[in-house]
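In: sharing a model prediction with you, sequence too.
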Amino acid sequence: MLLLKLFFAFIQVGLFSVGGGYAAIPLIQEQIVNIHGLMTMEEFSDLITVAEMTPGPISINSATFVGMRIAGIPGVLICTVGCIIPSFVICLALAHFYYKYRTVSGVQIVLGSLRPAVVALIASAGASILMLGLFQAELPDIVLRDIRIVELIIFAGALVILRKFKVSAIAIIFGSGVVGTVVYTLMGAVG
Amino acid sequence: MKKDYSKLWTLFRSMFVLSACTFGGGFVIVSLMKKKYVGELAWLEEDEMLDVTAITQSAPGPLPVNASVIIGYRIAGIVGSLIAILGTILPPMVIISVISLFYDQFRTNPYIATALQVMRAGVAAVIFDVVINLATNVVKTRRVLYIVMMVIAFVTTYLLDTSAMIIIFACLGIGIADLIVTLKSKRKES
């Protein structure tokens, strides 16, 4: 019964979290904390912290975290499957139509105007993460004096390496994590 | 569309690795997918990857899951979708399950906190690398409409915090208008 409740709660989370990422948080809160009382608000804010610190989409992370806390491994499976069923069905249908009609010239024109928007959206996400990395703050709260030199050098170095050589993105991300942690440890700035 | 089941293992493995290593929101993984599937493996065209991103953004659910459904479908139909989803959701499921057991130690470890903070600089570099390539191609179309749309979309999302959905739907509207204008001018010519 509990598992069934979790399953339907996460189907709703998956179905209504349009716009991805942080759009899912209030929905999960409503389902898990407010409606079903499966978690306290405190546990829920822990969940957000964990979801932010770990890889993977936030709704999958929270489905796993909630499932594990409430019902162990079966809970994890039920919640995650519930969460992705709507995505799966809807995207499969969209993919089907996209590949059927993408070569039609009218569809090409319409899709053409979406591409600049997508480039801008990716750029905007990049700019937000860069600001968070360099200033540990979002745009309105940035103080120029607070710029973190180590991160700035790592960012510039990583970008140069990516542009000049064929290095995998994942090597760059982990490399910068390792280099930065070593530098901060040598500076005595950790802990 | 050809289905290629021989690619299933590569599909699973690449989705698994990308998902395991992607910190931050959905657009981070889109940048990584672009590098992997358009650049390295040459499974998709660049325009196709942008279309897929637009579709994933307008459908409900987590962006990385949506993207893997569509890319998987492109490579090997429904089986491909399922394999790609599995690759994408397994890493967060395993990682979070483990962390939920050691949550307090994880949260308070200063080395983990430092590494996560510094990694943002690396993630930003990867995204900027991808954006430089993509933006160059938009400029190369030499369509003023597209260049202006890109700049306005960036300003409104980044500075004004407009939601991605609104941007996509606004541009969809512009695209339809563009289509109507093109059809009308063609009719005049003929």
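Out: Received the coordinates, thanks. Residues are numbered from 1 along each chain as shown, chains lettered A, B, ... in the order given.

In: OK, contacts around the residue most central in space within chain B?
Out: Closest residue to the average C-alpha location of chain B: residue B:30 at 2.4 Å, with CA atoms, centre = their mean. Applying CB atoms under 8 Å, 6 or more residues apart in numbering or on different chains to residue B:30 gives the contacts A:122, B:49, B:53, B:56, B:63, B:67. Glycine gets a C-beta too; all of them are placed from N, C-alpha and C.

In: same question for residue B:53.
Out: Applying CB under 8 Å, 6+ apart, we find residue B:53 in contact with A:118, A:121-122, B:30, B:67.

In: where is the longest helix in chain B?
Out: The longest helix of chain B (DSSP state H) is helix B:63-101.

In: now do that one, average pLDDT.
Out: Mean pLDDT, helix B:63-101: 91.

In: now do the next helix or strand after it: distance to the chain's middle.
Out: Note on helix B:63-101: by DSSP states H and E, the next helix or strand toward the C-terminus is helix B:103-108. Relative to the centre of its chain, helix B:103-108 is centred 30 Å away, using CA atoms, centre = their mean, to the nearest Å.

In: other SSEs contacting helix B:103-108?
Out: helix A:41-53 (3 or more CB pairs under 8 Å, 6 or more residues apart in numbering or on different chains; DSSP states H and E).

In: same thing but at 10 Å, please
Out: Helix B:103-108 sits against helix A:41-53, helix B:63-101, helix B:110-140, with contacts defined as 3 or more CB pairs under 10 Å, 6 or more residues apart in numbering or on different chains; DSSP states H and E.

In: how about these, which one is nearest residue A:172?
Out: Closest approach to residue A:172 among the helices and strands packed on helix B:103-108 (CB to CB): helix B:110-140, 5.1 Å.

In: any idea of the mean pLDDT in stretch B:121-135?
Out: For stretch B:121-135, the mean per-residue pLDDT is 89.

In: list the buried residues in the helix or strand hosting residue A:153.
Out: Element membership of residue A:153 [criterion: DSSP H and E] is helix A:149-164. By 16 or more other CB atoms under 10 Å in any protein chain shown, the buried positions in helix A:149-164 come out as A:150-151, A:154-155, A:157-159, A:161-162.

In: can you pull the buried residues of the next helix-or-strand element following that helix?
Out: Downstream of helix A:149-164, the next assigned helix or strand under DSSP H and E is helix A:169-186. Buried residues in helix A:169-186, counting neighbours by 16+ other CB under 10 Å, are found at A:169-170, A:172-173, A:175-177, A:179-181, A:183-184.

In: near chain B, which of those show up?
Out: When CB under 10 Å from any CB of the partner chain is applied, the members of the buried residues of helix A:169-186 adjacent to chain B are A:169-170, A:172-173, A:175-177, A:179-181, A:183-184.

In: keep the buried residues of helix A:149-164, but drop any that are not near chain B.
Out: Okay, of these touching chain B (CB under 10 Å from any CB), that's A:150-151, A:154-155, A:157-159, A:161-162.

In: now, which of the residues you listed sits nearest residue A:93?
Out: Closest to residue A:93, out of all of these and judged by CB to CB, is residue A:162, at 35.9 Å.

In: was I right about the closest one contacting residue B:131?
Out: No. Between residue A:162 and residue B:131 there is no contact, the gap being 11.4 Å when judged by CB atoms under 10 Å.

In: what about residue B:15, how many residues nearby?
Out: 28 (other CB atoms under 10 Å in any protein chain shown).

In: mind checking which helix or strand it is in?
Out: Assessed by DSSP H and E, residue B:15 sits inside helix B:8-20.

In: could you pull out the buried residues of that helix?
Out: For helix B:8-20, by 16+ other CB under 10 Å, it's B:8, B:11-12, B:14-20.

In: please apply the same query to stretch B:109-118.
Out: Of the residues in stretch B:109-118, B:113-118 count as buried by neighbour count, 16+ other CB under 10 Å.

In: name the residues that touch that stretch?
Out: Applying CB atoms under 10 Å, 6 or more residues apart in numbering or on different chains, the set of residues contacting stretch B:109-118 from outside is A:52-54, A:132-133, A:136, A:148, A:150-151, A:154-155, A:174, A:176-185, A:189-191, B:23, B:102, B:105-107.
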